[in-house]
Structures are given as C-alpha cells and as structure tokens.
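Undergrad: Attaching a predicted model along with its sequence, questions to come.
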Amino acid sequence: MNTTPIIDNNIWQPEFECMAHSERKALQLEYLQGAVSRSLRNPFYKKAFADKGVSVDQIKSLDDLQRLPLTTKADLRDNYPLGFMGIPRNEVSRYQGTSGTTGKPTWVAYTKNDVENWSNLCARFLVSGGLKKEHTVQLSFGFGLFTGGFGLHFGIEKVGAAIIPISSGNSDRQLTCMHDLAPEILICTPSYALKLMDTIQGGDIARSDLRLEHAFFGGEPWTENMRTRIEEGLKIRCWNNYGLAEVQGPGVSGECAYRNGMHIQEDHFIFEVIDPDTLEPLPDGEQGEIVITPLRREGFPVIRYRTRDIGYIINDGVCSCGRTTRRMSRISGRTDDMMIIRGVNVFPSQIETALMRIDSVAPHYMIEISRPNAMDEITVHIEIKPDMFSDSMIEMHKTKREIGAAIHSITGLNMNIDLVSPNTLKRFEGKAKRVVDHRNLVD
Ligand code: DLL
C-alpha cells in the first residue's frame with residue numbers, strides 16, 4: 001500500500017468518509033431499509049420481491065441484501081422509459097441519460113435531494129484528489145444527458161473552485177482556453193486527454209505556456225500504464241474516478257492523495273462483487289462483476305444493480321488518508337467487452353497493458369476481430385511514436401515481434417500486429433471505442 005501522499009490530503013465530509021465501521025454498517029442498514037421501501041413503489045420490484053418471498057421487514061441485517069433480487073440493464077430496458085422511477089413526475093428535479101448500444105437511452109431521474117447528494121459525492125472525490133477552492137477547472141465532459149458534465153459541474157461549484165464549462169470537442173479551442181484562462185485542472189475522459197496531448201504536440205501553443213498541473217479522468221476503462229503515458233506526455237498528475245448513471249453518475253468512488261484504489265462512498269452505496277456466471281458472491285480481493293445498491297437515491301431507486309464492470313474490492317484496513325471506506329480496483333473491463341478469441345477470454349485492457357510497456361508504441365490503438373475460415377482472428381492496429389517510426393523493414397519487424405510477444409505473455413494468444421503511421425488512427429472526444437468486432441456483423 002502506498003503510504004506517501006502525492007498531494008495534500010484533504011477530506012470533504014470526514015464525518016461520513018472517516019466514520020467507524022460499526023457506525024457505517026448501522027447507517028447502511030437503516031438506509032437499505034429505506035431504499036427497499038422506495039423501490040417497492042415500482043411494480044418490477046413488487047413482483048421480484050414477491051417471487052423471492054422477501055418483504056421489507058425481513059431486512060434485519062446487511063447480509064439480508066443477498067436475498068434481494070438482482071437488477072440488470074435488460075430489466076431497465078424492459079421497463080422503458082421510466083419504469084424504475086421512484087417518485088411522481090412532479091418531484092423530479094433532473095433527468096439524465098446514458099446512451100445504450102441498442103440506440104435507446106436509459107433515462108434516470110433525480111430529486112432535489114439526489115442532486116444535492118450527488119454534488120457532495122463529486123466534491124468528495126475532487127477534494128480527495130487535490131481540488132481546492134483556489135483552482136480553476138477546465139471541465140471537458142459533454143454537458144447534456146451524459147452525467148459527466150453536470151455531475152462534475154455541481155461538485156466543483158460545491159468546493160467553490162472556478163469552472164470553465166467548455167464541454168467536449170473542438171481541441172483547438174480547448175487549447176486556446178487552456179492557454180488564455182490558465183486552468184490548473186482538467187477533467188475529461190482519459191482518451192480525450194490523449195487527443196489533447198496530440199493537439200498540444202502538433203500545435204502552436206507550447207506545453208510550457210500552460211499552467212495545467214492536474215487532471216481527473218473517468219467515464220471509461222484505462223490502465224495504470226496509460227496513466228504513466230498521459231502523466232509523462234502532458235506533464236500532469238492524474239486521478240481516477242468511477243461512476244455510472246444507473247446508480248448516480250460520477251462520484252461513486254475516486255482516488256485519494258495516496259492513490260491506493262478508489263474509495264467507495266459506502267454511506268451511499270453498498271458494493272458487492274459476484275461471479276457473473278454463477279451469480280455467487282465473491283470475497284473482497286477477488287475479481288468479478290461489481291453490483292451496486294444505491295442507498296439514498298430517491299428518483300431512481302435500483303436494488304443490486306449489475307454494472308457489468310469487472311473489478312475487485314480492496315479491504316486492507318484504514319488507508320493512510322484516514323478514510324475508513326473500502327476501495328475498489330481499476331475496472332479491468334466490462335463483461336460485455338470481453339472478447340472470446342478461439343475460446344480464450346481477453347479484455348481490451350490486457351492488450352493496452354502489453355502495448356504501453358513498449359517504448360516505441362504511441363498510446364493509440366484499435367482492435368479488430370474477424371473470423372475468416374471459421375477461425376477467430378484478432379488484429380491490433382498500433383501507432384508508433386513519430387520519432388521511432390522507421391522506413392527500415394527490419395526495424396519495424398523487430399518492433400512487431402516485440403509487441404506480439406508482450407501481448408502473448410499477457411493473453412496467451414498470437415495476434416496480428418499492424419503498425420501504422422503516426423496520427424492515422426481515430427481519436428475520441430468522449431468515451432473511446434477501440435474494438436471493432438466484424439464477427440457480429442456476420443453472425
Ligand atoms: O460514465 C459516469 C462518469 C462520468 C464517471 C464521468 C466518471 C466520470 P455512464 O455513461 O453511465 O456514466 O457509463 C458508466 O462507464 O459502467 C463503466 O463501464 C465506465 N466507467 C466509468 N468510470 C470509469 C472508470 C459515466 N473510472 C460506465 N474506469 C461504467 C473504468 C469507467 N470504467
């Protein structure tokens with residue numbers, strides 16, 4: 001465990017973040033009973049609870065959570081658009097959404113209390129990762145239905161720092177803004193940070209003319225090796241934060257000054273990890289699908305929501321920052337992003353980890369899967385750093401072999417390696433989509 005703080009250690013709501021375990025457990029139980037009662041306004045849960053033969057008065061300990069039904073994205077879709085709403089329409093203060101792969105969004109509703117809680121939870125991770133009142137923040141998440149923009153906006157406002165709500169896109173304007181208004185802090189997805197890095201490298205504004213020091217990244221999976229690349233490339237330090245619209249949006253967990261995993265806001269969310277196949281609970285430290293029950297949510301009270309995110313819980317006592325909450329690992333992938341290649345399970349993050357170990361590789365890649373002759377084939381298209389790109393076939397062949405071996409050592413698979421010229425692969429303004437699976441088009 002890291003015991004040296006990287007920045008000043010500050011805590012937004014120590015009365016909740018540092019509370020004794022026993023006290024937090026009692027609070028969780030009280031809130032869980034409330035969450036279950038609210039969920040029962042919804043016909044889906046009424047039926048699901050009846051099917052399981054459970055009623056609210058049987059929730060006597062936190063272990064009773066296991067008796068409650070799980071909720072999936074498919075359940076939300078089947079009850080589209082607002083079957084999971086926990087309140088009458090006139091109590092809704094805000095709607096947000098998340099764009100699904102099927103085209104139809106998932107709508108989520110918030111009451112005034114939900115928005116207030118959400119703002120404080122965003123303030124918690126922002127302060128824990130170094131935001132101070134004196135700072136200016138360039139907020140480059142899309143403002144709109146995506147929870148990143150407005151969620152973070154109100155969190156920053158709580159802390160009292162200055163916000164530049166520039167939203168995402170238009171990298172040249174982002175850089176002009178970064179230069180002229182001199183923010184110390186950037187907030188966006190890690191893949192948009194990569195795009196901004198390119199824009200700085202190819203543009204007229206030098207890095208030395210920017211005040212930028214620090215960033216908060218979230219909204220998509222990224223690896224520790226990618227963090228190193230971005231920190232070196234942008235000459236900043238960056239912090240990871242996690243959340244999803246179905247249980248709130250950003251502010252579910254985030255890293256502190258010690259960066260030992262992301263502190264879970266356990267007075268607002270109960271986390272479980274389950275085996276996605278058997279649905280059996282897994283102990284802390286074991287990797288599986290994260291299941292979240294929001295405890296205070298009024299507008300959209302889901303119970304045991306299956307996030308499809310793969311990670312594990314870190315429970316090694318009190319972190320050096322003083323917070324008593326358990327923490328979560330990085331997300332290593334999503335159950336629906338897992339690629340099954342010739343029977344082997346592979347996550348894009350494993351490929352990213354291998355690629356970022358190799359010095360000549362730029363942090364831009366695409367993964368393409370096909371099935372010629374009934375055999376799965378995977379091709380990784382990789383950009384090489386401009387100063388390392390060579391006309392020498394021998395040099396490039398050597399690099400290909402090195403990359404192939406690094407990927408094989410992590411995944412156990414041989415993949416086709418396609419080295420492409422610098423600045424040729426797609427860049428992303430929001431969440432990256434780096435996997436193209438042609439097999440879906442045929443099957
Ligand atoms: O992405 C909420 C958010 C916005 C979190 C900004 C952090 C910062 P959704 O659009 O509902 O909400 O997407 C949620 O994004 O289930 C994960 O798969 C992924 N995700 C979010 N944060 C992280 C992260 C927002 N730090 C989905 N690491 C989640 C890995 C993340 N994946």
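TA: Everything's here; your move.

Undergrad: How about the contacts made by V420?
TA: Listed by Cβ atoms under 8 Å, 6 or more residues apart in numbering, the contact set of V420 reads H381, I382, E383, I384. C-beta here means a position set from N, CA and C on the backbone, and glycine is covered the same way.

Undergrad: Which one of those is nearest to G142?
TA: Minimum separation from G142 among these (Cβ to Cβ) is found for E383, which lies at 25.2 Å.

Undergrad: Name the SS class of that closest one, please.
TA: With DSSP: H, G, I helix; E, B strand; the rest coil as the basis, the three-state label of E383 is strand.

Undergrad: Now I200: closest residue in space that isn't a chain neighbour?
TA: With Cβ to Cβ, 6 or more residues apart in numbering as the criterion, I200 has its nearest non-adjacent residue at 5.6 Å, and that residue is R207.

Undergrad: measure the nearest residue to Q66 once chain neighbours are set aside to the ligand for me?
TA: Here the nearest residue to Q66 in space, its sequence neighbours aside, is P281; by Cβ to Cβ, 6+ apart that works out to 6.5 Å. In this view, P281 and the ligand are 20 Å apart by Cβ to the nearest ligand atom, to the nearest Å.

Undergrad: Adding neighbour count, distance to the ligand and pLDDT, write the contacts of V420 out as JSON lines.
TA: Rendered in JSON lines, the data for those read as follows (neighbours: other Cβ atoms under 10 Å; distance: Cβ to the nearest ligand atom, whole Å; pLDDT from 0 to 100):
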{"residue": "H381", "neighbour count": "19", "distance to the ligand": "22", "pLDDT": "98"}
{"residue": "I382", "neighbour count": "24", "distance to the ligand": "22", "pLDDT": "97"}
{"residue": "E383", "neighbour count": "20", "distance to the ligand": "22", "pLDDT": "96"}
{"residue": "I384", "neighbour count": "21", "distance to the ligand": "26", "pLDDT": "92"}
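
Undergrad: and the stretch 51-200 of the chain, which of its residues are near the ligand?
TA: For the stretch 51-200 of the chain, the contact set with the ligand under Cβ under 6 Å from any ligand atom comprises T98, F141, F146, T147, G148.

Undergrad: what's the single longest strand in this protein?
TA: Here the longest strand in the chain is taken by residue count, with DSSP state E as the criterion, and it is strand 361-370.

Undergrad: on that earlier part again, retrieve the pLDDT associated with the residue nearest to I200.
TA: R207 carries a pLDDT score of 96 in this model.

Undergrad: check contacts around it.
TA: I200, L234, K235.

Undergrad: any idea which of these is closest to the ligand?
TA: Using Cβ to the nearest ligand atom, L234 comes nearest to the ligand of those, at 17.6 Å.

Undergrad: Would you enumerate the residues in contact with the spatially closest residue to that closest one that is not a sequence neighbour?
TA: Once flanking residues are discounted, L234 sits nearest to M197: 5.3 Å by Cβ to Cβ, 6+ apart. For M197, the contact set (Cβ under 8 Å, 6+ apart) comprises I230, G233, L234.

Undergrad: Need phi/psi at the residue nearest to I200.
TA: For R207, the backbone dihedrals (degrees, to the nearest 10) come out as phi -60, psi -40.

Undergrad: Ok, V159 next?
TA: Taking degrees, to the nearest 10, you get phi -70, psi -30 for the backbone angles of V159.

Undergrad: Can you give me the pLDDT of it?
TA: pLDDT, the model's per-residue confidence, is 98 for V159.

Undergrad: Tally up the residues packed near it, please.
TA: Using other Cβ atoms under 10 Å as the criterion, V159 is surrounded by 20 other residues.

Undergrad: Then D57?
TA: The local packing of D57 (other Cβ under 10 Å) involves 8 other residues.
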